[in-house]
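[1] My questions concern the predicted model and sequence given below.
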Amino acid sequence: MINFKITKKSKKSNARIGVLSTPHGSIETPSYVNVATQAVVKTFTSEDIKDSGGQILIANTYHLHIRPGEDAIKKHGGIHQFMNWNGPIMTDSGGFQVFSLGFGKDYGTGKILKQKSSEKIVSGSQPKAVKITEQGVEFRSYIDGKKLFLGPAESIKIQEKIGADIIFAFDECTSPLADHEYNARALERTQRWLQTCIKVKKSDQALYGIVQGGKFKDLRIASARYTTAQAVDGFGIGGEFGDSTTTMKSMLHTVLKELPEQKPRHLLGIGHVKDVETVIKEGVDTFDCITPTHYARHGYAFVIYKSKWTKLNLNNKKYLLSKEPIDKNCDCFTCKNYTRGYIHHLLRAYEITPLRLLSIHNVYAFNKYVENLRGAIKKGAL
RNA sequence: GCGUGGGUGGCGGAGCGGUCAAUCGCAUCAGACUGUAAAUCUGACGCCUUUAUGGCUACGUAGGUUCAAAUCCUACCCCACGCA
């Protein structure tokens, strides 16, 4: 079980400071949730997570189900023991993979639309590689092509065996190309799935229900109200909210207004650095995002320059002769010990080490940034 | 010296009369990435410009054949291997 206590509410915004207590310790919110999809923050040891200021992780049901399988994890004593991480862990339910391996793959889009498209996903359509039914979703394993089925009951049973502190209800993350009707049907189904999740769950893990509805305000409100009325311990906010920070902000505002203040809210998969402050000011308590580690492995470092976030592409030739650290104001292991030029060289040489060095910096920078925002809220500045 | 096989864009290496500024790989230059099928993917990559079913210069060098040559012929220069 978890306990969530709000210790301070901002007068300037909807931001709040809180303490989220779990069987594996407490974290201070707002907090970035470090992404450990396959029970690892990519390139990290679990000790590195702590060193980079990480408080809490999120792993993934779908990925751990196909490999190594929840039974193996259970035999290892649960995910905490398995990965040697004693702090809090969440597991995502697999609902995002309904999208990413389905319509996301079919149309080559992320959950946030980058460019306008005339394509429309209408009610009744099915993605190619994934079949969505009332009972759940039929996937094919990307490892051996075998069929596998994940529904609300399956997802919960798997998550119980994995043993995270906080688990998510199985939902359908819809495509940004899906129309209102599609989203409405998907949302109703997600709501029925939530009922099943609640019914099936036997463990004392905390269960978050997920608010969906895409970019449609009426659906978002309906979803927020419905989820609020269920026996959930917290809320996930999933899917897309439109294609800009502005639309995201207003949709988040609409949704969070509907949710009970005393329960924690987790924003799923959102957190471009430039959006983090906005999201926190709207009252999000935790959020996860792959960008720090994902961009790191593609050679990018996030840096605050003239009080704005920018990203450096350390693959670029201009960094070869640089003796500077990634960020001279950063206290991370990488910035304390290595130069941009060296990291550039290692990237060009396709070595593994720079991916780790950049991940350490990016994750540290993310966690530090959020820590600073907490400080600002406490001081009444945000 | 003789014989054989070669010399193509930064490199390796296709092409062997027209659709070739030239497949492909590497290198190079840049871009994308938001609950991670992601150490991935995309674009550019002779020069010039009004960026175009545009112009120019190019496939060792110099000639030639042909309406048309990286592709055929001749000479020369270089390289590799083999034999003396």
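    Good, I have the coordinates.
[2] quick one, helices of the stretch 101-250 of chain A?
    With DSSP state H, counting those that start in this stretch, the ranges of helices along the stretch 101-250 of chain A come out as A:103-107, A:152-162, A:180-200, A:217-228, A:245-258.
[3] Quick check: which of those is buried the most?
    Among the helices of the stretch 101-250 of chain A, ranked by average contacts under mean count of other C-beta atoms under 10 Å, first place goes to helix A:152-162 (a mean of 24). Yep, even glycine has a C-beta here, placed from its N, CA and C like the rest.
[4] Run through the neighbouring helices and strands of it.
    helix A:61-66, helix A:70-75, strand A:166-168, helix A:180-200 (3 or more C-beta pairs under 8 Å, 6 or more residues apart in numbering; DSSP states H and E).
[5] Of the ones you listed, which is nearest RNA strand B?
    Nearest to RNA strand B, of all the helices and strands packed on helix A:152-162, is strand A:166-168, at 5.1 Å by C-beta to the nearest atom of the strand.
[6] was I right about A:Asp48 contacting A:Tyr364?
    No - counting by C-beta atoms under 8 Å, A:Asp48 does not reach A:Tyr364; the two are 9.6 Å apart.
[7] More neighbours: the two, which one.
    Remark: of A:Asp48 and A:Tyr364, A:Tyr364 carries more neighbours, 24 against 17, as counted by other C-beta atoms under 10 Å.
[8] Helix or strand: which one has the more buried one?
    helix A:353-378 (DSSP states H and E).
[9] what about that helix, near RNA strand B?
    Yes - Helix A:353-378 reaches RNA strand B (C-beta under 7 Å from any atom of the strand) through A:Leu355.
[10] and that helix, how far from the chain's centre?
    15 Å (C-alpha atoms, centre = their mean, to the nearest Å).
[11] cool, and stretch A:314-327?
    30 Å.
[12] Same question for stretch A:174-184.
    Centroid separation for stretch A:174-184 versus its chain: 21 Å, with C-alpha atoms, centre = their mean.
[13] ok, now stretch A:82-89?
    Here stretch A:82-89 is found 17 Å from its chain centre; the criterion is C-alpha atoms, centre = their mean.
[14] okay, now A:Ala15: neighbour count?
    Using other C-beta under 10 Å, A:Ala15 has 24 neighbouring residues.
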